[in-house]
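In: Provided below for reference: sequence and predicted model.
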Amino acid sequence: MKLQCEVEVISRMLPTFGMRNRGKGARAVLSVGRQEDKRSGQAGAVYLMICTLKDKAGSRYKLQENIDQLFTRFVQEGKATVRLKEPAVDICLSKADVCSLKNFISTVGLANKGKDPGSISLSRLTPVKTSEIEKPRAKMFITCKKDYPITKSFPYSLEHLQVSYCKLARVDMRMLCLKKLQKLDLSNNHIKKLPQTIGDLMCLQELTLHNNFLESFEVAFCNSTLRNTLKSLDLSQNKLKALPVQFGQLKELINLKLDDNELVQLPFTIGLLSKLRFLSATKNKIQCLPSSFRSLVLEKVDLFGNPFVKATPMVPDIQLKIPLPLLECASRATIHYRIPYGPHLIPATVCQDLSVAKTCDCGRPCLSSFIQTVVLMNLHQVSQTVVLVDTMGGTEAPVICYFCSLTCYSEFLDKHLQSARI
């Protein structure tokens with residue numbers, strides 16, 4: 001049984017001599033095992049051995065009937081203390097894995113009572129290697145193909161991993177086993193597709209895929225646990241032509257970069273990204289912005305280099321059916337009154353239509369029966385800082401507007417004509 005953590009051995013006799021402990025723990029490996037009797041060659045009593053960088057051979061402490069008390073009040077924080085009778089020391093443990101610490105304390109308790117720990121295997125009390133004691137690695141940067149680990153695994157403790165300029169054609173599945181990973185930078189590689197299981201990175205907050213060959217963005221990415229953790233996403237300089245409707249589920253996003261792709265439009269659910277503050281989508285093929293774009297509250301937006309079309313508020317695309325079909329009426333009512341629905345209640349195709357419903361200028365939903373037009377919006381309405389849209393110094397961009405009825409469209413025209421006169 002072994003445990004890696006920080007250890008501080010405090011002598012309870014020091015205050016007697018008017019001395020203080022240094023009060024600082026050291027990285028160590030603790031082993032619980034039987035000390036072999038050199039004469040008989042048989043296993044003897046169970047000992048606790050503590051190995052540090054300064055003492056790799058280790059210090060040994062007998063456990064059987066030698067523990068005065070076990071302090072486990074803060075075990076959920078990775079802390080515990082073993083108080084020995086002889087010598088009179090307190091072995092203070094901290095920064096330990098909670099599950100491993102619980103098993104370790106259980107084994108120590110059984111050893112104190114002279115009982116067999118059972119299914120938990122005892123370790124050999126031998127000196128440890130330097131690599132076993134060293135502090136877990138939190139960051140790793142690989143910027144050359146020759147440095148890429150082929151036979152070795154990535155350290156399980158990594159929180160920040162950068163692998164750039166390594167000509168990776170796919171995401172290494174070993175990376176998806178790094179459960180503590182918070183930042184992953186795979187920029188400047190040859191990645192064409194993201195794995196379906198990328199959501200296994202449950203703690204991931206920043207993902208950089210700058211300058212790769214991505215042609216599509218997986219729906220599984222948006223449906224994974226990343227929708228609750230991901231705060232920064234860099235997809236710039238790829239070959240993306242579209243983003244899925246489910247992209248709006250990444251509601252924790254704060255920073256989004258989509259520069260230098262082949263996007264024809266932004267996902268119309270982008271307005272659901274309520275925490276988004278920085279958006280950059282320069283040098284794409286975007287002709288107009290989705291209606292929900294007006295719901296964003298940004299600090300900076302950059303849409304330079306897109307072939308925006310001219311606004312045509314007086315030339316609508318009328319797809320309104322009068323009277324409204326029954327399905328349209330029922331669908332609008334379902335969304336407006338927030339009636340629960342699902343494939344167990346209504347056809348899956350109808351569920352899909354409801355999930356991509358449009359929003360009228362009046363705030364009410366519409367699905368397949370609507371009036372559509374393109375209007376100009378000053379980007380300062382949604383962002384504090386606006387990078388010029390074109391070389392002419394403009395800060396306005398075309399936005400698609402939907403109207404659920406002739407009444408709503410007429411009211412919009414009246415407002416538009418009045419503002420034009422002014």
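Out: Thanks, I have the structure now. Numbering: from 1, shown residues only.
In: the helices in the stretch 101-250 of the chain, which residues?
Out: For the stretch 101-250 of the chain, helices defined by DSSP state H, counting those that start in this stretch occupy the ranges 130-133, 219-223.
In: ok, and what's touching the last one?
Out: By that I understand helix 219-223. 194, 196-199, 244, 246-247, 249-250 (CB atoms under 8 Å, 6 or more residues apart in numbering). Backbone N, C-alpha and C define where each C-beta goes, glycine included.
In: Switch these over to JSON lines; also include neighbour count and distance to D259.
Out: Converted to JSON lines, the contacts of helix 219-223 look like this (neighbours: other CB atoms under 10 Å; distance: CB to CB, whole Å):
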{"residue": "L194", "neighbour count": "19", "distance to D259": "18"}
{"residue": "Q196", "neighbour count": "12", "distance to D259": "26"}
{"residue": "T197", "neighbour count": "12", "distance to D259": "27"}
{"residue": "I198", "neighbour count": "19", "distance to D259": "22"}
{"residue": "G199", "neighbour count": "20", "distance to D259": "25"}
{"residue": "P244", "neighbour count": "17", "distance to D259": "19"}
{"residue": "Q246", "neighbour count": "18", "distance to D259": "22"}
{"residue": "F247", "neighbour count": "23", "distance to D259": "16"}
{"residue": "Q249", "neighbour count": "20", "distance to D259": "22"}
{"residue": "L250", "neighbour count": "24", "distance to D259": "18"}
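In: follow-up on the earlier one: compare the helices of the stretch 101-250 of the chain and say which comes out lowest on pLDDT.
Out: Sorting those by mean pLDDT places helix 130-133 lowest, at a mean of 69.
In: tell me the centre residue of the chain?
Out: L204 (2.6 Å; CA atoms, centre = their mean).
In: how near is that residue to D185?
Out: From L204 across to D185, the span is 11 Å (CB to CB, to the nearest Å).
In: Could you check the pLDDT of D116?
Out: 63.
In: Report whether the expected contact of the residue nearest to the centre of the chain with K231 is present.
Out: No: using CB atoms under 8 Å, L204 makes no contact with K231, being 9.3 Å away.
In: and stretch 80-88, which residues are buried?
Out: 80-84 (16 or more other CB atoms under 10 Å).
In: now, which of those residues sits nearest H160?
Out: A80 (29.0 Å; CB to CB).
In: doesn't F71 make contact with that closest one?
Out: Yes: with contact defined as CB under 8 Å, A80 counts as touching F71 (6.3 Å).
In: So what touches the helix or strand containing T407?
Out: Element membership for T407, per DSSP states H and E: helix 406-421. With CB under 8 Å, 6+ apart as the contact definition, helix 406-421 has outside contacts at 313-314, 316, 320, 322, 360-362, 371, 373, 375, 401, 403.
In: Show me the two of those that sit farthest apart.
Out: Pairwise over the contacts of helix 406-421, using CB to CB, the maximum falls at I322 and V375, 23.3 Å.
In: higher neighbour count, those two?
Out: Shown here are I322 and V375; by other CB atoms under 10 Å, V375 has more neighbours (17 against 7).
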